[in-house]
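Peer 1: Turn this into a model:
(chains A and B)
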Amino acid sequence: MKHERPPKVIVTKIGFDGHDRGSRVIAACLRDAGMEVIYTPPWQEIPTVVKLAMEEDADVIGISSLATDHLIVPRLMDALRAAGLADIQVIVGGIVPAKDEKVLLAAGVAQVFHPGAALDDIVTAVRALATARHAKQGAAA
Amino acid sequence: MNKPVPQIAAADLPQAQARWEQEFAAGAGRPEPLRNRSGVEIKPLYTPRDWSGAAYADSLGFPGEYPYTRGIYPTMYRGRSWSQRQLIGLGVPEDYNARVKEILALGGSALSLIPCNSVFRGYDADEVPAELLGTCGTVINHVGDMERALDGVPIGDLSTAMNDPSPFTLLAFELAVAKKRGVPWTRITGTSNQSDCISHFVANHMFFRIALQGARRIVVDHIAFANEQVPGWNPLSIVGQHMQQAGATPAEAMAFTLCSAIQYAEDCIAAGMDPDRFLPRFTFFFDISVSLFEEVAKFRAGRRVWAKLCRERFGAKDPRSWRFKFHGQTSGVDLTRQQPLNNIARVTTQAMAGIFGGLQSLHTDGYDEVFSTPTTEAARIAVATQNILREEAHLTDVIDPLGGSYYVETLTDQMQQKIEAIIDLIDAAGGMYRAVEQGLVQKMIGDSALAFQKRVDAGAETVVGVNKYTVEEDPADYPALDYPDRARMDAYLTRLKAFKAERSAAAVDKALAALAAAAQSKRDNVFAQVVAAAEASATHGEICATLRRELGFGQPLTIV
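Peer 2: Numbers count the residues shown, from 1 in each chain, chains lettered A, B, ... in the order given. Down below sits the predicted model:
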């Protein structure tokens, strides 16, 4: 049986807002599910997140947004592409109006989680995204 | 045939209760003990054996009397309703001004002002991504903005509660506007909400990147300045809401808030201030969850603990110093995106808990806050909810109507024990600043948040429409509030540039140098220089940058 490396996930917040209940709960839950979690405090700058993702070879970046900070996620997607990291999957969780969700998905965000999402569903989705990335890397190697 | 109604003689009460306990156990089996969110075990029935009323005089007393369990004023809502203080603020200063004028035309007598999140974080609008500006509050960066925001508003005649986090530039801008208009500062009334720097470090991290000990200095100077110069102003609102929203249980949130209040009071005393001068201007701000009886007990117990602290620990002698004045906001965390109209029922229940808990001021959430900043219709329903509870349901007819309930009195005592045990724990850790610097408080809150989420996921805690009674629906259909018009924000940015170009650069430099010097000195009042800088047309971002440079850069103290 081939050795599966665990998904590596950055859980972070960009923009102004500092409400971190969601990001902390998600980080703890992904960690308990056996993933390698890199948790940052809120207030991260987009270049910092991109640099961290590159250095850590993260599979997934989870952005928590409760106060409209999701509006700059398209900037993060641009920055990841510019750094050659388009294969890193980005998910967003929090208060995201439906019209904005469409914009985020069009910008390349893999999935948006809303209030009431079950922790199990988030774990499953993150695992699937990481596994798909690993498979692609395996095929390319 | 009907069973005869048993008549119980007083002396037979213990046997009668034992009989009922047997019948209950036979009927209900032996279910797992229920616990409320704070971990207090909840029994199926409370009787005089739990709370006999013997301690009425000491532990309850009368409204407006120590220890204030039944309310802080003799008349409570029979004298005056709580203030309906809905939070407002979006877009540019002119947008805010238009909304304020609408509210005043409808008979409003108290204002609130929520600044843009960029303001909380200490930035001017020209330093940040433009798409975020004004999406969560009004962009106010200098005295000119405040003039436009308050254009035509009689600031000497109504109370202005501003979300005015450290370094309190919004109050500084308002005072500068008052001076320009010839309104004496003694007529300015209101509250610096969000002024509790500890809660920002612990829970929601909406602060201007200053070090915790720097923030500590500024808050004490702010209190001293307001007490002297703006006597009608409440310079400090100590916030439990952030911590409960972040996951603290109701007992933890109350206890941590009181621990922060202890630190502020002791700092003020150490700075030579008289407790009977500053304590009457301390106010509190709490979250109200849907756990109705627990919240009522939380507030009644909190009132009692605070009165005792003020009297015994701080040595305050004036009864006005002992009163626990608080604003309540219904909990957004309890609201669901699924079947969102159900949130109206939740907000109603939360509001009832706050009213039965004896609050002085109430914000009811819009049912659609899980989608966006509330729409106009949702905001209207939120206000109507308060009016219905007060004037149709007659919740205000009797003071402390749950007082004397065997359950509520027992629970109030038990919540008090929980609260006091946590205060002892934080005292033993060296006080709230030390406990926060060590991450102790953040750890307790994070653990409680995760434990609660796991209970929800396991179905142990019902959330209607989420883990039970679910229906097929498309929540994407719900409307969200539109973001501010980008053209208006661009015009704002152009004007900010012009403001900076037209003011006297020498005057700004001089004011910022004086601010830096005050920060460096141990005795000068920093906030007095914030006000002077505001009057000299320094911007919010410039004032924040100066203070950060002098008092140290700080980041959220957060852990998983």
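
Peer 1: only C-alpha atoms for contact and neighbour calcs from this point on.
Peer 2: OK.

Peer 1: Surely B:Glu294 touches B:Asn36?
Peer 2: Yes: if you go by CA atoms under 8 Å, B:Glu294 and B:Asn36 touch, sitting 7.0 Å apart.

Peer 1: what about B:Gln492, distance to chain A?
Peer 2: For residue B:492 the amino acid is Tyr, not Gln. 19 Å (CA to the nearest CA, to the nearest Å).

Peer 1: Could you grab the helix/strand/coil label for that residue?
Peer 2: Following DSSP: H, G, I helix; E, B strand; the rest coil, B:Tyr492 is assigned to helix.

Peer 1: ok, and the helix or strand in chain B with the lowest average confidence?
Peer 2: For chain B, counting by mean pLDDT, DSSP states H and E, strand B:83-84 ranks last in confidence among helices and strands (a mean of 81).

Peer 1: Can you list the helices and strands that that one packs against?
Peer 2: Using 3 or more CA pairs under 8 Å, 6 or more residues apart in numbering or on different chains; DSSP states H and E, the elements in contact with strand B:83-84 are strand B:361-363.

Peer 1: and with 10 Å instead?
Peer 2: In terms of contacts (3 or more CA pairs under 10 Å, 6 or more residues apart in numbering or on different chains; DSSP states H and E), strand B:83-84 is packed against strand B:110-113, strand B:361-363, helix B:376-387.

Peer 1: Among the ones you listed, which comes closest to B:Met489?
Peer 2: strand B:110-113 (18.2 Å; CA to CA).

Peer 1: follow-up on the earlier one: ranking the helices and strands packed on strand B:83-84 by burial, who's on top?
Peer 2: Of all the helices and strands packed on strand B:83-84, strand B:361-363 carries the top mean neighbour count, a mean of 22, counting by mean count of other CA atoms under 10 Å in any protein chain shown.

Peer 1: quick one: average confidence on that one?
Peer 2: If you average the pLDDT over strand B:361-363, you get 91.

Peer 1: go on, stretch B:402-415?
Peer 2: Looking at stretch B:402-415 alone, the average pLDDT works out to 98.

Peer 1: circling back: what are the buried residues along the next helix or strand after the least confident helix or strand of chain B?
Peer 2: Proceeding N to C from strand B:83-84, the next assigned helix or strand is helix B:93-105, under DSSP states H and E. By neighbour count, with 16 or more other CA atoms under 10 Å in any protein chain shown as the criterion, the buried positions of helix B:93-105 are B:93-97, B:100-101.

Peer 1: contacts for helix B:93-105?
Peer 2: Under the criterion CA atoms under 10 Å, 6 or more residues apart in numbering or on different chains, residues B:88-90, B:106-115, B:134, B:137-141, B:144-153, B:484, B:488, B:492 lie in contact with helix B:93-105.

Peer 1: 7 Å instead?
Peer 2: Residues from elsewhere that reach helix B:93-105 (CA atoms under 7 Å, 6 or more residues apart in numbering or on different chains): B:89-90, B:138-140, B:145, B:148-151.

Peer 1: correct me, but B:Ser321 touches B:Thr283?
Peer 2: No: the pair formed by B:Ser321 and B:Thr283 falls short of the contact definition of CA atoms under 7 Å, at 10.6 Å.

Peer 1: Any chance of a markdown table for the buried residues of helix B:93-105, columns pLDDT and distance to A:Leu104?
Peer 2: Conversion of the buried residues of helix B:93-105 to a markdown table gives the following (pLDDT from 0 to 100; distance: CA to CA, whole Å):
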| residue | pLDDT | distance to A:Leu104 |
| --- | --- | --- |
| B:Pro93 | 96 | 29 |
| B:Glu94 | 94 | 30 |
| B:Asp95 | 91 | 28 |
| B:Tyr96 | 92 | 29 |
| B:Asn97 | 94 | 32 |
| B:Val100 | 87 | 34 |
| B:Lys101 | 88 | 36 |
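
Peer 1: And the helices and strands packed on strand B:83-84, which one averages the lowest pLDDT?
Peer 2: Between these, the model is least confident about strand B:110-113 (mean pLDDT), which shows a mean of 83.

Peer 1: Tell me the strands beside that one, with direction?
Peer 2: Strand B:110-113 sits in its sheet next to strand B:159-163 (parallel), going by DSSP bridges.

Peer 1: State the paired neighbours of the longest strand belonging to chain B in the sheet, together with their directions.
Peer 2: When chain B is parsed with DSSP state E, its longest strand is strand B:282-288. Applying DSSP bridges, strand B:282-288 is found paired with strand B:236-239 (parallel), strand B:326-330 (parallel).

Peer 1: got the residues of chain A near chain B?
Peer 2: Applying CA under 7 Å from any CA of the partner chain, one finds that chain A approaches chain B through A:16-21, A:24-25, A:28, A:41, A:67-69, A:71, A:95-98, A:115-116, A:118.

Peer 1: Mind checking which of these land in helices?
Peer 2: A:21, A:24-25, A:28, A:98 (DSSP state H).

Peer 1: between these, which is nearest B:Ala226?
Peer 2: For these, the minimum distance to B:Ala226 (CA to CA) is 33.3 Å, reached by A:Arg21.

Peer 1: Is that closest one in contact with B:Gln244, as I believe?
Peer 2: No: taking CA under 7 Å as the contact criterion, A:Arg21 and B:Gln244 are not neighbours in contact, 10.1 Å apart.

Peer 1: Please say which of these two ends up with more neighbours.
Peer 2: B:Gln244 (26 against 21; other CA atoms under 10 Å in any protein chain shown).

Peer 1: got a list of what that one touches?
Peer 2: Neighbour list for B:Gln244: B:250, B:253, B:287 [criterion: CA under 7 Å, 6+ apart].

Peer 1: how about the helix or strand that contains it as PDB, C-alpha atoms only?
Peer 2: When secondary structure is defined by DSSP H and E, B:Gln244 falls within helix B:241-245. Extracted C-alpha coordinates of helix B:241-245, given in PDB (Å, rounded to 0.1, in the frame of the first residue of the first chain):
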ATOM      1  CA  GLN B 241     -19.900  40.300  23.900                       C
ATOM      2  CA  HIS B 242     -16.700  39.600  21.900                       C
ATOM      3  CA  MET B 243     -15.700  36.800  24.200                       C
ATOM      4  CA  GLN B 244     -19.100  35.100  24.200                       C
ATOM      5  CA  GLN B 245     -19.300  35.400  20.400                       C
END
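
Peer 1: Quick check: next helix or strand after it?
Peer 2: From helix B:241-245 onward toward the C-terminus, using DSSP H and E, the following helix or strand is helix B:250-270.

Peer 1: Wondering if that following helix reaches chain A at all.
Peer 2: No: judged by CA under 7 Å from any CA, helix B:250-270 makes no contact with chain A; its nearest approach is 14.3 Å.

Peer 1: what is the rounded mean pLDDT of that helix?
Peer 2: So the average pLDDT for helix B:250-270 ends up being 98.

Peer 1: by how many degrees do that helix and strand B:282-288 diverge?
Peer 2: 170 degrees (axes from the mean of the first three to the mean of the last three CA atoms, to 10 degrees).

Peer 1: Just send the buried residues of helix B:93-105 back as CSV, with distance to B:Gly240 too.
Peer 2: Output for the buried residues of helix B:93-105, formatted as CSV (distance: CA to CA, whole Å):
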residue, distance to B:Gly240
B:Pro93, 29
B:Glu94, 32
B:Asp95, 30
B:Tyr96, 27
B:Asn97, 30
B:Val100, 27
B:Lys101, 31
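
Peer 1: Would you point out the most distant pair within the residues you listed?
Peer 2: Based on CA to CA, the longest span within the buried residues of helix B:93-105 runs between B:Pro93 and B:Lys101 and measures 12.3 Å.

Peer 1: how many other residues sit next to residue 135?
Peer 2: Just so you know, I chose chain A. The criterion is other CA under 10 Å. On that basis, A:Ala135 has 12 neighbouring residues.

Peer 1: my question was about chain B
Peer 2: By the measure other CA under 10 Å, the count of residues near B:Thr135 is 27.

Peer 1: Find the residue ranges of chain A scoring beneath the pLDDT cut-off.
Peer 2: A:1-3 (pLDDT under 70).

Peer 1: need the strands for it, in chain order.
Peer 2: For chain A, the strands defined by DSSP E occupy A:8-12, A:36-39, A:60-65, A:89-94, A:111-113.
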